[in-house]
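**Q** Coordinates for the following, if possible.
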Amino acid sequence: MFILSIALFYYIFIYQDITGDLGRIGQIVFSKEYRLQEKFQKDSPSTINCCDEKNFKSFNVIFMGDSFTKLTLYPNYLSEMIKMPTAEFFSDNIETPEETFVALCNANIEMPKVVVLESVERDFVTRLCSLDFSSNIQAQASVYKTGTEKQTDFCTFYKNMLFDNGAVSHLFLHDSLFTCPKKEKDLFFYYCDLIIPDEEQINIAISKLDLLFQFARENGVYLFYVVAADKYDIYQDFASENIFSRKELLDFFIEYEYKNPFFVNTKTILVKKVMQGVKDLYYSDDTHWSPIGAKIVAEEIAWRMDSLGIIPNYCK
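**A** Just a heads-up that it's a prediction; the model follows:
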């Protein structure tokens, strides 16, 4: 009877207020008014399309990547800024965005002028280390699985009432960097984002990046490699008291980005905005960029395309 009462309470009063991937995985209640704010209600520009490998040449820019490509508006904003036909490409039989790109080139498919490849910070080093430049489009069985996927229902909620499930971690911030009611100074993030590769893996990843950019040039493609920074990495230095280890993974790539502007380290872009007091770059209840953060990333990529003379006439 006790469990039944909790279940009834959950479905009547709590279920509707659980939003975002962090809310669902951690069964955390956020204000449902948060996502209804006008600044989040951005219409998706109509200049982006879905495509398959048969019509790549119909577009100047193709996007491929993880959930940041699928769930945030940065491809849409970028498409609107450069005022050119662009498309998103998703494959169901390749394991990672990196292998997808390599496999398509190896299949002798006519590639677009520009490919914007996005990979999440928590996985990009491991992916690069294992990247096989002989990959083909029949190589793998599934697409972009992450270690954060788990069942998120009443049972999870009930367990979290008794035990901390460990999937979602929390810190207090010294400033209000989100506008979610009653959680303005709360930082929620995946615990697994605290795990970082060792120095040897990082060095291998840098070598593989060089090979990946060379591979792209040999196939006539301008490749922009975008690392979507983990939420914790962006906000860790703004915590009032950080009980976790500092994450410095993307700091190792600052010099690399300086030498190679085709590598887009979103940490360096977004941390500057947080320091300027910009709020809600990521959703409070989610690990992904809000439209605010997505537009900032898109502006940076568009500016680089212009300054490198690849797609000119963009004024930042």
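
**Q** any weak-confidence spans in the chain?
**A** 1-17, 43-47, 91-94, 137-165, 313-316 (pLDDT under 70).

**Q** switch the cut-off to 80
**A** 1-19, 27, 42-50, 52-54, 85, 90-95, 135-166, 313-316 (pLDDT under 80).

**Q** Do a quick rundown of the strands in the stretch 101-250 of the chain.
**A** When secondary structure is read from DSSP state E, counting those that start in this stretch, the stretch 101-250 of the chain shows strands at 114-120, 168-172, 186-190, 222-228.

**Q** partner strands of the second one, parallel or antiparallel?
**A** Sheet pairing here is set by DSSP bridges, and for strand 168-172 it gives strand 186-190 (antiparallel).

**Q** Name the residues that touch the partner strand?
**A** 22, 25-26, 28, 122, 148, 167-173, 177-178, 180, 230-232, 235, 238-239, 284-285, 287 (CB atoms under 8 Å, 6 or more residues apart in numbering). Every C-beta, even on glycine, is put in place using the N, C-alpha and C of the backbone.

**Q** circling back: now the strands of the stretch 101-250 of the chain as a markdown table including distance to residue 83?
**A** Formatted as a markdown table, those follow (distance: least, CB to CB, whole Å):
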| stretch | distance to residue 83 |
| --- | --- |
| strand 114-120 | 14 |
| strand 168-172 | 40 |
| strand 186-190 | 35 |
| strand 222-228 | 17 |
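
**Q** Pipe those into a markdown table and attach mean neighbour count per row.
**A** Formatted as a markdown table, the strands of the stretch 101-250 of the chain follow (neighbours: other CB atoms under 10 Å):
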| stretch | mean neighbour count |
| --- | --- |
| strand 114-120 | 24 |
| strand 168-172 | 17 |
| strand 186-190 | 22 |
| strand 222-228 | 24 |
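
**Q** Burial check on residue 237, number of neighbours?
**A** Residues within reach of residue 237, counting by other CB atoms under 10 Å, total 13.

**Q** check contacts around it.
**A** 246, 271.

**Q** what's the spacing between it and residue 273?
**A** Shown here: residue 237 relative to residue 273, a distance of 13 Å by CB to CB, to the nearest Å.

**Q** picking that back up, with respect to residue 103, which of the strands of the stretch 101-250 of the chain lies nearest?
**A** Of all the strands of the stretch 101-250 of the chain, strand 114-120 sits nearest to residue 103, with 12.5 Å by CB to CB.

**Q** Distance from that closest one to the middle of the chain?
**A** 10 Å (CA atoms, centre = their mean, to the nearest Å).

**Q** And that strand, what does it pack against?
**A** strand 61-65, helix 67-71, helix 74-82, helix 97-106, strand 222-228 (3 or more CB pairs under 8 Å, 6 or more residues apart in numbering; DSSP states H and E).

**Q** Same list, those, but as JSON lines with distance to residue 308 please.
**A** JSON lines is the format used below for these (distance: least, CB to CB, whole Å):
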{"stretch": "strand 61-65", "distance to residue 308": "14"}
{"stretch": "helix 67-71", "distance to residue 308": "21"}
{"stretch": "helix 74-82", "distance to residue 308": "13"}
{"stretch": "helix 97-106", "distance to residue 308": "19"}
{"stretch": "strand 222-228", "distance to residue 308": "8"}
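
**Q** so which of those gets nearest residue 292?
**A** The nearest among the helices and strands packed on strand 114-120, by CB to CB, is helix 74-82 at 10.5 Å.

**Q** any residues touching that closest one, and which ones?
**A** By CB under 8 Å, 6+ apart, helix 74-82 touches 44-45, 47-48, 60-61, 63, 68-69, 85-86, 88, 116, 118, 289, 291, 294-295, 297-299, 301-302, 305, 311, 314.

**Q** Out of those residues, which sit inside strands?
**A** 48, 61, 63, 86, 88, 116, 118 (DSSP state E).

**Q** For the residue nearest to the first one when sequence neighbours are not counted, give its distance to residue 99.
**A** Right, residue 48. With sequence-adjacent residues excluded and distances taken as CB to CB, 6 or more residues apart in numbering, residue 48 is closest to residue 79, at 4.6 Å. Residue 79 sits 25 Å away from residue 99, going by CB to CB.

**Q** Those two: which has the busier surroundings?
**A** Each of residue 79 and residue 99 has its neighbours counted (other CB under 10 Å); residue 79 has more, 27 against 21.
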